[in-house]
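*Asks:* Got a predicted model here, sequence first, then my questions.
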Number of protein chains: 2
Amino acid sequence: MKDYIAVDWGSTQLRGWLIRNGQCVETKQLPMGITRLNGRSPADVFAEHLAPWRGAQALPVLMAGMIGSDAGWQAVPYLDCPTAIDAPGRQLCAVAEGVWIIPGLKIEQDGDFNVMRGEETQLLGACQLAPAECYVLPGTHCKWVQVVGGGVRHFATAMTGELHHLLMTQSLIGKGLPAQQPDDAAFEWGLEKGLAQPSLISELFVARAARVLGGLAASSVSDYLSGLLIGAEVATLGQRFRTSAVTLVGEPALNARYGRAMKARGMMVNSCSGDEALLAGMARIMHEQD
Amino acid sequence: MKDYIAVDWGSTQLRGWLIRNGQCVETKQLPMGITRLNGRSPADVFAEHLAPWRGAQALPVLMAGMIGSDAGWQAVPYLDCPTAIDAPGRQLCAVAEGVWIIPGLKIEQDGDFNVMRGEETQLLGACQLAPAECYVLPGTHCKWVQVVGGGVRHFATAMTGELHHLLMTQSLIGKGLPAQQPDDAAFEWGLEKGLAQPSLISELFVARAARVLGGLAASSVSDYLSGLLIGAEVATLGQRFRTSAVTLVGEPALNARYGRAMKARGMMVNSCSGDEALLAGMARIMHEQD
């Protein structure tokens, strides 16, 4: 088993894992995503924070995420879908001796457009950890990915996480709210609404009106909105992807929220951790480099 | 004909019209909405900026909008729908000698919640200027109102204007965009998408991906997004309100955008100006006070 370094270098965070004998022996997480480099180059940040791990053997380094965008180290072209799920690992882009960026995937057909960077590696791992025909990767920009016969046939992105953040911090809905408290009933109420009426444009304001009229506690708006948005997403993309069995790839708490929405739609749900999937994908790519 | 002062006092703006012999002889617009009073009371702002118009005759003053909310001059209870369209004018709330606030309307039934303040007065005017069974009042929070037999049966709110603003100024979609240019084709493309796929949660990110992949000019994102949101709204609420004839009540440019979406759905569309509707509503309420 080769030793190597796995890196998830996104917009806001840089995370690294030092892998020896197939085990992670050290990790680091730095607030040095590609939008937070304050004028330093990715190569400089790499030299300071990751290169020391490489040691005398000059361990190979695999990187995924926005580091491959035009605002990152080097613009790595997206691979066009449909494509084989293991295609990214076979088209790595070298940015330094023994340092590679994994390309992302794109959709560009019939007026439909989509992109991912980083999730292609989680996907590769998830299909070993918990095989399914549809993978859902919750987060700021949740990806739904249809995998058929070892190929990524199609994917879509829901802006659920970003919308929740925007609405809570910047919109009239979130204005003047007290600290939010966990409220399972509010989440459930939002979920029912979102599943039944996935067209958000007319439902969002109801969150505001319900609070003004006393139908929703001010401290429960976040959970209500979380339910509404996740419900709308699962109703919309569950129907578009016409799938009855899904693997969720993300943080346990978020996986659980999506799982409730999916089970309410009669879907079979399996889950794995986003980080475990990422590292399994990295391991597979690394071992296939021989 | 009585002389009077009409006031639209909203969240961000205070607008007044001095009406003599049925004609507007003077107007004012101040950035002194109820969220921008910097610690001054509405009564003080009124005394300084509007009271001088009242003169020796102490002209009556009719006010509509957020001035009647709990953050305004005085919390004026909403009237419950269904209600007669002219009910607000018969239940004015006096906040000073000869100074009245027009109450807003609310929906509060079967887990559905909605509120309006100010639009009830535009509605009253619009039903004289351009009668219909359904009125649509575009803006930051667009109202759709179903009027049957002289009564407001139901209404809904679409956060279209606020969402457009949030997405363009705060989200990844709007990040790093150059100055926007009018692009009719981008609006039309967005409109088709929104009408066909009104569930925004999966369509918003396409605006980002299309720009990244070169399918949408960076300077056209605003118009694309405008089409997408308006299309989604018209598809969703047009279906919910099951109406074939609508009166649009708003600014001409925005009315025109909504009109295009509605005509694409086969709806008959009539339009009037939001300000004319407001003043017609104020006049009717004033003249019915005898």
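*Replies:* Cool, got the structure.

*Asks:* Could you list which residues are in contact with A:Leu124?
*Replies:* A:Ile85, A:Asp86, A:Pro88, A:Gly89, A:Ala280, A:Gly281, A:Arg284, A:Ile285 (CB atoms under 8 Å, 6 or more residues apart in numbering or on different chains). From N, CA and C alone the C-beta is placed, and that goes for glycine too.

*Asks:* how far is the helix or strand A:Met63 falls within from where the chain is centred?
*Replies:* Here A:Met63 sits within strand A:61-64, counting by DSSP states H and E. Centre-to-centre, strand A:61-64 and its host chain are 16 Å apart (CA atoms, centre = their mean, to the nearest Å).

*Asks:* Now do it, average pLDDT.
*Replies:* Averaged over strand A:61-64, pLDDT sits at 98.

*Asks:* CA atoms only for stretch A:78-89, dumped as CSV, please.
*Replies:* The C-alpha atoms that make up stretch A:78-89 are tabulated as CSV, following Å, rounded to 0.1, in the frame of the first residue of the first chain:
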residue,chain,number,x,y,z
TYR,A,78,-14.4,19.5,-16.4
LEU,A,79,-15.1,16.0,-17.8
ASP,A,80,-18.3,15.9,-19.8
CYS,A,81,-21.1,13.7,-18.6
PRO,A,82,-22.2,11.0,-19.3
THR,A,83,-18.8,9.6,-18.3
ALA,A,84,-17.4,6.6,-16.4
ILE,A,85,-17.5,7.1,-12.7
ASP,A,86,-13.8,6.4,-12.5
ALA,A,87,-12.9,8.7,-15.4
PRO,A,88,-11.6,11.6,-13.2
GLY,A,89,-9.0,9.3,-11.6
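
*Asks:* got the domain boundaries for chain A?
*Replies:* A:1-103, A:118-276 (the TED database).

*Asks:* got the contact list for the one helix or strand A:Trp100 maps to?
*Replies:* Secondary structure assigned from DSSP H and E places A:Trp100 in strand A:99-101. Outside strand A:99-101, the residues that touch it by CB under 8 Å, 6+ apart are A:46, A:60-64, A:67-68, A:72-74, A:76, A:92-95.

*Asks:* Adjacent strands (with direction) for that strand?
*Replies:* strand A:61-64 (parallel), strand A:93-96 (antiparallel) (DSSP bridges).

*Asks:* CSV for the ones you listed, including mean neighbour count and distance to B:Trp53?
*Replies:* As requested, those are arranged in CSV below (neighbours: other CB atoms under 10 Å in any protein chain shown; distance: least, CB to CB, whole Å):
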stretch, mean neighbour count, distance to B:Trp53
strand A:61-64, 26, 66
strand A:93-96, 15, 69
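
*Asks:* For the residue nearest to A:Ala75 when sequence neighbours are not counted, grab the count of nearby residues.
*Replies:* Using CB to CB, 6 or more residues apart in numbering or on different chains and skipping the chain neighbours, the partner closest in space to A:Ala75 is A:Ser69 (6.5 Å). A:Ser69 is flanked by 20 other residues according to other CB atoms under 10 Å in any protein chain shown.

*Asks:* Show me which residues of the stretch 151-290 of chain A sit near chain B.
*Replies:* By CB under 8 Å from any CB of the partner chain, the residues of the stretch 151-290 of chain A that approach chain B are A:156-160, A:162-163, A:166-167, A:170-172, A:189, A:193, A:198-202, A:204-206, A:208-210, A:212-213, A:215-216, A:229, A:232-233, A:235-237, A:240.

*Asks:* Can you name the residues that contact the residue of chain A positioned farthest from its centre?
*Replies:* In chain A, the greatest distance from the average C-alpha position (CA atoms, centre = their mean) is reached by A:Leu213, at 36.2 Å. For A:Leu213, the contact set (CB under 8 Å, 6+ apart) comprises B:Tyr78, B:Lys106, B:Glu108, B:Phe113, B:Val115.

*Asks:* same deal with A:His154?
*Replies:* A:His154 neighbours (CB under 8 Å, 6+ apart): A:Cys81, A:Pro82, A:Ile107, A:Val145, A:Gln146, A:Phe241.

*Asks:* Thought A:Thr243 was touching the fifth one, still the case?
*Replies:* In other words, A:Gln146. Yes. With contact defined as CB atoms under 8 Å, A:Gln146 counts as touching A:Thr243 (7.3 Å).

*Asks:* thinking again about what came up before, so which of the contacts of A:Leu124 is the most crowded?
*Replies:* Within these, neighbour counts (other CB under 10 Å) peak at A:Gly281, which reaches 30 neighbours.

*Asks:* Secondary structure element for that residue, which one?
*Replies:* helix A:274-287.

*Asks:* Next SSE downstream of the lengthiest helix in chain A?
*Replies:* Identified as the longest helix of chain A according to DSSP state H is helix A:221-241. Next helix or strand after helix A:221-241 toward the C-terminus (DSSP H and E): strand A:245-250.

*Asks:* That next one pairs with which strands?
*Replies:* In its sheet, and by DSSP bridges, strand A:245-250 pairs with strand A:134-137 (parallel), strand A:268-273 (parallel).

*Asks:* Go ahead and measure how far the helix or strand in which A:Ala253 is found is from the middle of the chain.
*Replies:* Secondary structure from DSSP H and E places A:Ala253 in helix A:252-264. Centroid separation for helix A:252-264 versus its chain: 15 Å, with CA atoms, centre = their mean.

*Asks:* cool, stretch A:70-90 as well?
*Replies:* The answer for stretch A:70-90 is 16 Å, by CA atoms, centre = their mean.

*Asks:* returning to what we had before: pull the most distant pair out of the contacts of A:Leu124.
*Replies:* Greatest spacing in the contacts of A:Leu124, by CB to CB: A:Pro88 and A:Ala280 (14.0 Å).

*Asks:* From A:Met32, how far off is the residue farthest from the centre of chain A?
*Replies:* For A:Leu213, the distance to A:Met32 (CB to CB, to the nearest Å) stands at 46 Å.

*Asks:* for A:Ser41, same thing?
*Replies:* On the measure of CB to CB, A:Ser41 and A:Met32 end up 12 Å apart.

*Asks:* From the neighbour counts alone, determine which of the two ranks first.
*Replies:* Legend: neighbour count by other CB under 10 Å for A:Ser41 and A:Met32, higher for A:Met32 (20 against 10).

*Asks:* How about the more buried one, nearest residue that isn't a chain neighbour?
*Replies:* Here the residue nearest A:Met32, using CB to CB, 6+ apart, is A:Leu14, at 4.5 Å.

*Asks:* ok, now A:Gly98?
*Replies:* A:Pro60 (4.8 Å).

*Asks:* same question, A:Ile67
*Replies:* Here the residue nearest A:Ile67, using CB to CB, 6+ apart, is A:Trp9, at 3.7 Å.

*Asks:* so who does the one you found touch?
*Replies:* A:Arg15, A:Gly33, A:Ile34, A:Pro42, A:Met63, A:Ala64, A:Gly65, A:Met66, A:Ile67, A:Gly72.

*Asks:* Can you check the pLDDT for it?
*Replies:* pLDDT, A:Trp9: 97.

*Asks:* Quick check: beta-bridge partners of it?
*Replies:* Under the criterion used (DSSP bridges), A:Trp9 bridges to A:Leu14.

*Asks:* Looks like the residue nearest to A:Gly98 contacts A:Leu18 (just checking).
*Replies:* No. When contacts are counted by CB under 8 Å, A:Pro60 is not listed as touching A:Leu18 (11.8 Å).

*Asks:* show me where the stretch 101-250 of chain A has helices.
*Replies:* Remark: helices assigned in the stretch 101-250 of chain A by DSSP state H, counting those that start in this stretch are A:119-129, A:160-170, A:184-196, A:200-212, A:221-241.

*Asks:* Around A:Arg20, how many other residues sit close by?
*Replies:* 13.

*Asks:* Understood, closing this out.
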